[in-house]
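Undergrad: What shape does this take:
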Amino acid sequence: MKKIISVFLALALVAVFSSCRRTDSASGQTISVGGSTSVTPLMELFQEEYANVRPNVTITVSGTGSGDGITGSASGIYDIGMSSRELRPAEIGTGLEPIVIAIDGIALIINNSSPISNLSMDQVRRIYTGSISRWEQLGAAANGKTGGIAVISREPGSGTRGAFQEILDFTDAHLVANAVILDGTGAIRSTVAGNPDAIGYISSGSINDSVKGLNIDGAAPTEANIRNGSYRIARPFILIVRRGVPPTPAAQAFLDWTMGSQGQAIVARNWVSVN
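TA: Okay, the predicted model is just below:
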């Protein structure tokens, strides 16, 4: 009888312990988010504001690139992935659910000392594929600037690079051979800020006073122009969860908040809101 009681108590303790673990897991007090470095600045704004709304929830943010955000969310490494490009059919087929939280322009940036202010889509394409290699080849658009063009691009797998090349209609194989390849928005921005001959591209929401954003076909990379379509180099910011695997209650509450009035008001500070 004592053995039976002991076994019963042991089983009861295991059940209680398992229940506690399920409760802790369900509470989801830590939400892991990783992926696109372009989405990261927006996610960090969400993180900061959400700490005021739900101080018992910790959000960890890792800016590791869209490719990692997609694979990391599929494998469960991240509760929420981040991507700055559309998911491909094969990626969606792995059981992923994309949620568009914002629309972002991809801004062409140059050094503040440059006299150039406007390029056409075709000129940008020709710069990045190598048929224009010197500023004076731009004609009137060069506004007197001469010399070789230092082309700056993102690393393979970058969502920003993928979207940029897709919109401009060229592939990795066509990218000019001497392009300087850098990881992350900050690296491109600081490199362009330090090189008067450089051109690069970053999220329009990440432009600051250290660089100058170019008009494209006469349209500045502003929210109004992105929304009305006159600025055509634009792409979605996407959060990714697993289809058929419900997010933790905390993660779902956070996702709902990003799409609600408070989250979308944060989006509207530098990007184009979707709600």
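Undergrad: the helices in this structure, which residues?
TA: For the chain, applying DSSP state H gives helices covering 2-27, 40-53, 66-75, 89-92, 121-129, 159-168, 185-193, 223-228, 249-259, 261-270.
Undergrad: Please convert the ones you listed to CSV, extending it with mean neighbour count, mean pLDDT and distance to Gly147.
TA: Any C-beta I mention is one placed from the backbone N, CA and C, and that applies to glycine too. Output for the helices of the chain, formatted as CSV (neighbours: other C-beta atoms under 10 Å; pLDDT from 0 to 100; distance: least, C-beta to C-beta, whole Å):
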stretch, mean neighbour count, mean pLDDT, distance to Gly147
helix 2-27, 10, 38, 59
helix 40-53, 18, 96, 32
helix 66-75, 23, 95, 33
helix 89-92, 12, 92, 41
helix 121-129, 19, 98, 13
helix 159-168, 22, 92, 23
helix 185-193, 20, 97, 15
helix 223-228, 16, 91, 30
helix 249-259, 18, 97, 44
helix 261-270, 16, 94, 32
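Undergrad: Out of those helices, which is closest to Ser83?
TA: Smallest distance to Ser83 across these (C-beta to C-beta): 4.2 Å, for helix 66-75.
Undergrad: could you say what helices and strands that closest one packs with?
TA: strand 30-35, strand 80-83, strand 96-111, helix 159-168, strand 234-242 (3 or more C-beta pairs under 8 Å, 6 or more residues apart in numbering; DSSP states H and E).
Undergrad: What are the buried residues along the last one?
TA: This points to strand 234-242. Ala234, Arg235, Pro236, Phe237, Ile238, Leu239, Ile240, Val241, Arg242 (16 or more other C-beta atoms under 10 Å).
Undergrad: For Ala74, state which of the residues you listed is nearest.
TA: Arg242 (6.8 Å).
Undergrad: ok, the closest one - contacts?
TA: Arg242 makes contact with Ser73, Ala74, Gly76, Gly95, Leu96, Glu97 under the criterion C-beta atoms under 8 Å, 6 or more residues apart in numbering.
Undergrad: Once you drop chain neighbours, what's closest to the fourth one?
TA: Closest residue in space to Gly95, ignoring its immediate chain neighbours: Arg243 at 5.0 Å, by C-beta to C-beta, 6 or more residues apart in numbering.
Undergrad: tell me, how many neighbours does that neighbour end up with?
TA: 12 (other C-beta atoms under 10 Å).
Undergrad: What residues does it make contact with?
TA: Contacts of Arg243 (C-beta under 8 Å, 6+ apart): Gly95, Leu96, Glu97.
Undergrad: how about it, phi and psi?
TA: phi -70, psi 130 (degrees, to the nearest 10).
Undergrad: For Leu138, see how far away it is.
TA: Counting by C-beta to C-beta, to the nearest Å, the gap from Arg243 to Leu138 is 47 Å.
Undergrad: same check, this time on Gln47
TA: Applying C-beta to C-beta to Gln47 and Leu138 gives a distance of 41 Å.
Undergrad: circling back to that earlier point, now the helices and strands packed on helix 66-75 as a markdown table including distance to Asn215?
TA: What follows is these, written out as a markdown table (distance: least, C-beta to C-beta, whole Å):
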| stretch | distance to Asn215 |
| --- | --- |
| strand 30-35 | 30 |
| strand 80-83 | 27 |
| strand 96-111 | 9 |
| helix 159-168 | 16 |
| strand 234-242 | 14 |
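Undergrad: looking at the ones you listed, which is closest to Gly205?
TA: The nearest among these, by C-beta to C-beta, is strand 96-111 at 6.0 Å.
Undergrad: neighbouring strands for the closest one, and are they parallel or not?
TA: Under the criterion DSSP bridges, strand 96-111 sits next to strand 198-203 (antiparallel), strand 211-213 (antiparallel), strand 234-242 (antiparallel), strand 272-273 (antiparallel) in its sheet.
Undergrad: Fine by me, thanks again.
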